Structures are given as structure tokens and as C-alpha cells.
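J.: let's see this in three dimensions:
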Amino acid sequence: MDTAAALIRAYLDAFNRGDRPAMLALLAEDVAHDVNQGGREVGRDAFVAFMARMDRCYRERLEDIVVMADANGTRAAAEFTVHGEYLATDHGLPEARGQRYVLPAGAFYVIRDGRIARVTMHYNLADWIAQVSADA
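T.: You can find the predicted model right below:
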């Protein structure tokens, strides 16, 4: 359990540092990424493409992070608050104008052979849209 929690903490810490190579090193080659209110993308290459889009459109920092793991270390979850800035318009979403947002979020993980094999993200998209659309 401690190893799983440490793995997730290292992944989230790398996210906050903007250290994408460190994040990728913690993922299984065939990682499944369940995009919030979207589809499933499989593989590190798909994850790299997703993060490139995220880095182009958003600047985010995770705060108030709490990591939980099951007793056998194969599943974990994290709850956190996303503090972000909307930098460039993302496809199908409102126009970006540098809006700031604060959003509660969570992620669920499957761990296999010491690496993250699945990442499932969840946040309230309607809340995010309301925040970035305010005073439009």
C-alpha cells in the first residue's frame, strides 16, 4: 500500500513540476487513460499527445492532494484541487482568454508491476465551463 501511494504521489509531483518525462517513466507502456467525460486512450504515445494538448491549452497545479491505496497495492485514488489557467482554446470548448479556475477533481489508478497501468480522471466539466465562461 505504501509503495502504491508513493508511486501516485511521485506521478502527481512530477505533474506539478511540469516534468513530463518523469510522469511517463511511471506509466506502463500500454497505459489506459480514461479521459474525463471522454473516451479511453491506450498507450504511452497517446498519453504523450494528450499531455501536449493539455500543456498547450492549460497551465495547472494540483493542491490539497490526498492519495489513497488499497491494501494489496494494485489500486489507488487521489483527490485534489486543480488551480488552472486556460491558455489556448481547446477543441469544442469555450474560447480561452487566460481565465483562471479552481476545480475539485479526482483520479483513479490501477497499478501493475510497479507502474501505473490505468489513469481515470474525473472533474465536473459543467463547473469548469461555467468558470471559464463567466463574464464572457
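
J.: C-alpha only now, for contacts and for neighbours.
T.: OK.

J.: so for the helix ranked longest in the chain, mean pLDDT?
T.: Longest helix in the chain, counting residues (DSSP state H): helix 2-17. Averaging pLDDT along helix 2-17 yields 95.

J.: tell me the helices and strands packed up against it.
T.: Contact here means 3 or more CA pairs under 8 Å, 6 or more residues apart in numbering; DSSP states H and E; on that basis helix 2-17 packs against helix 20-25, strand 58-69, strand 75-86.

J.: so which strand or helix has the spatially most central residue of the chain?
T.: The centre of the chain sits closest to residue 121, judged by CA atoms, centre = their mean, with a distance of 6.0 Å. Element membership for residue 121 (DSSP states H and E) is strand 115-123.

J.: repeat that for residue 31.
T.: Here residue 31 is assigned to strand 27-34, by DSSP H and E.

J.: count residues in the vicinity of the closest residue in space to residue 40 that isn't next to it in sequence, would you?
T.: In this structure, residue 40 finds its nearest non-sequential neighbour in residue 34, 4.4 Å apart by CA to CA, 6 or more residues apart in numbering. Using other CA atoms under 10 Å, residue 34 has 18 neighbouring residues.

J.: can you check residue 122 too?
T.: 16.

J.: got the contact list for it?
T.: 35-37, 105-107 (CA atoms under 8 Å, 6 or more residues apart in numbering).

J.: mind giving me the PyMOL command for buried ones among those?
T.: Entered in PyMOL, the line below selects the buried ones among the contacts of residue 122, by 16 or more other CA atoms under 10 Å:
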select buried, resi 36+105+106+107
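
J.: and the least confident of the contacts of residue 122?
T.: Among these, residue 37 has the weakest pLDDT, 81.

J.: give me the distance between residue 131 and residue 18.
T.: For residue 131, the distance to residue 18 equals 24 Å [CA to CA, to the nearest Å].

J.: could you give the bridge partners of the residue nearest to residue 40?
T.: Counting by DSSP bridges, residue 34 forms beta bridges with residue 40, residue 120.
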